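>>> 3D model of this:
(one chain, ligands or ions: 2)
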Amino acid sequence: MNSPIYILGAGSIGSLLACELASIPSIRRDIVLLLRNQTRAEQFRAKQSLMTIERNFEQGSPQYQTKLEAKYPAELNVDTIENLIVTTKTVHTEKALSNYLPFLNEKSNILFVQNGLGVIEHLKRVIWTNESKTPNLYQGITTHGCFQRQDFHFVHAGLGNLKIAKVPSVDKSSSTDGACSMVEELMKSKTLNTSYLPYDELIVSQCEKLAVNACMNPNTAILDCLNRELSNIEAVKLLFKNIITECVDVFFRCIPNLSENEMARRTLDIPRLLELVMYTGFEVCGNNSSSMRQDTLYKRDTEIDSINGWIVKLADEVGYPANVNKTITLLVKARTQINQRRT
Ligand SMILES: NC(=O)C1=CN([C@@H]2O[C@H](COP(=O)(O)OP(=O)(O)OC[C@H]3O[C@@H](n4cnc5c(N)ncnc54)[C@H](OP(=O)(O)O)[C@@H]3O)[C@@H](O)[C@H]2O)C=CC1
Ligand SMILES: CC(C)(CO)C(=O)C(=O)O
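Ligands and ions are numbered 1, 2, ... in the order given. Have a look, this model is predicted:
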């Protein structure tokens, strides 16, 4: 039996990945959910440890139930976590990981599947400061759409893909650019449609996705509307163009070697990104309530600091005034606090 794959962040995306991995016929390893605390573990066990994924892109919206193992921090009785997938919201990552640091070492493989950028850079600044002791880090981005129907019951609403790359490590002698066995297992799932890319290709896809999220997520949260309600409004289109223009400017100013990357110059073309944002936001996901709007409505902290806020942070580091994204970031923080104050 191979070592287990642990999932930290058993929400929409984490549960989807867990169930897809567990459903692979050839998988010879346990898939273990790492839940927040004993209460959450008891709530899951009260459902006979069954996770439900409803595929509403299939005829009749069939439901698939998967029995999964679940642990909470005090229950974990292992020496090492060799394979970990992190699918918490970015804003909760550091706190969630803190319980598991004693089980992680330079041989551990950690895959982060999250929107936005900056989480791994932050963790390398505050936790993994010694490269030779840093786990093998992988970045994933997904276009799958998934939302919670009820506790431990999620709807796989949008069939997309999962792109993964290994984050380059500066001086780890044992570092290889090959996919680890955990990534190879993810690639066996037809539904996940997983591809393993060179990092300099993944970062371009991350920037492309960030442009979509930097337009759709905050504005649907601030204006409290469904994605499609922003369509056919000239002011919104101009606002999106301003957000995208500033994002692209910051990408090419601040991300090393991006401007020499031909794929980046083609992909991060401003008119192309504007069309992609409107197509994805208004057509493909038009009926969605964005994840950021949902976070503000449910009085949760948002991922704004990993999206528009990350643009502002990068720009600040080079003395560039990213005022459009700074304004958007401040408005989302205001919306978040207004909602959290409401009884
Ligand atoms: N949902 C989607 O369609 C898409 C999401 N993404 C991105 O994927 C990432 C995950 O999103 P999503 O799955 O929607 O988020 P969810 O909020 O659905 O899931 C996050 C999970 O993290 C758990 N969590 C938070 N803190 C801890 C902790 N300390 N210990 C253990 N578990 C913890 C939460 O547990 P609890 O239930 O106990 O609060 C929750 O179940 C985000 O970056 C998002 O932007 C990207 C593309 C699409
Ligand atoms: C593309 C979009 C905005 C779809 O709702 C999304 O990724 C999200 O909600 O986080």
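>>> Not counting sequence-adjacent ones, nearest residue to Met292?
Excluding its sequence neighbours, the residue lying closest to Met292 (CB to CB, 6 or more residues apart in numbering) is Asn217, at 3.6 Å. (C-beta placed from N, C-alpha, C; glycine too.)
>>> tell me which residues in the helix or strand hosting Val236 are buried?
Using DSSP states H and E, Val236 maps to helix 234-254. Within helix 234-254, the residues scored as buried using 16 or more other CB atoms under 10 Å are 236-237, 239-244, 246-248, 250-251, 254.
>>> Which SSE is immediately downstream of it?
Assigned by DSSP H and E, the successor of helix 234-254 is helix 262-267.
>>> counting contacts, what elements does that next one pack onto?
helix 199-222 (3 or more CB pairs under 8 Å, 6 or more residues apart in numbering; DSSP states H and E).
>>> what's near enough to touch Val155?
Val155 is in contact with Ile53, Glu54, Asn56, Ser61, Cys146, Phe147, Gln148, Arg149, counting by CB atoms under 8 Å, 6 or more residues apart in numbering.
>>> among those residues, who's most crowded?
Within those, most neighbours by other CB atoms under 10 Å means Ile53, with 24 neighbours.
>>> now, which of the contacts of Val155 sits nearest ligand 2?
For the contacts of Val155, the residue nearest ligand 2 by CB to the nearest ligand atom is Phe147; the value is 8.9 Å.
>>> Residue ranges in the stretch 151-300 of the chain under the pLDDT threshold?
The stretch 151-300 of the chain contains residues with pLDDT under 70 at 171-177.
>>> cutoff 90 now
157-158, 169-178, 284-285, 287-289 (pLDDT under 90).
>>> residue in it nearest to ligand 1?
Counting by CB to the nearest ligand atom, the stretch 151-300 of the chain gets nearest ligand 1 through Ser291, at 5.3 Å.
>>> ok, how many other residues are close to the nearest residue to that residue once chain neighbours are set aside?
In space, and not counting its chain neighbours, Ser291 is closest to Asn217: 6.6 Å by CB to CB, 6+ apart. Asn217 has 29 neighbours, counted by other CB under 10 Å.
>>> how far away is Asn217 from Thr280?
12 Å (CB to CB, to the nearest Å).
>>> again with Gln337
28 Å.
>>> Who has more neighbours out of these two?
Comparing Gln337 with Thr280 by other CB under 10 Å, the one with more neighbours is Thr280, at 21 against 12.
>>> Pretty sure Met216 is one of the things the more buried one touches, is it not?
Yes. In this structure Thr280 lies within contact range of Met216 using CB atoms under 8 Å: 7.5 Å.
>>> The closest residue in space to Thr90 that isn't next to it in sequence: what's it in contact with?
In this structure, Thr90 finds its nearest non-sequential neighbour in Ser306, 3.9 Å apart by CB to CB, 6+ apart. Ser306 sits next to Thr90, Val91, Gln114, Asn115, Gly116, Leu117, Gly118, Val119 when contact means CB under 8 Å, 6+ apart.
>>> is Thr142 in a bridge, and if so with what?
Assessed by DSSP bridges, Thr142 has beta-bridge partners Leu162.
>>> Next: the one 4 residues further on.
Beta-bridge partners for Cys146, by DSSP bridges, are His156.
>>> confidence score at it?
We have a pLDDT of 91 for Cys146.
>>> Let me see the contact set for it.
Taking CB under 8 Å, 6+ apart as the test, what Cys146 contacts is Ser12, Ile13, Ser15, Leu16, Phe154, Val155, His156, Ala157, Gly158.
>>> Just give me the neighbour total for the last one.
I take that to be Gly158. 17.
>>> how close does the residue nearest to it when sequence neighbours are not counted sit to Ser306?
Nearest in space to Gly158, with sequence neighbours left out and distances taken as CB to CB, 6+ apart, is Gly145 at 2.7 Å. Per CB to CB, Gly145 is found 18 Å from Ser306.
>>> and what of Arg341?
Taking CB to CB, one finds Arg341 at 24 Å from Ser306.
>>> Thr191 now?
From Thr191 to Ser306 the distance is 26 Å (CB to CB).
>>> do Lys89 as well
Distance from Lys89 to Ser306, by CB to CB: 9 Å.
>>> Overlap in contacts, those two.
The contact lists of Lys89 and Ser306 share Gln114, where a contact means CB under 8 Å, 6+ apart.
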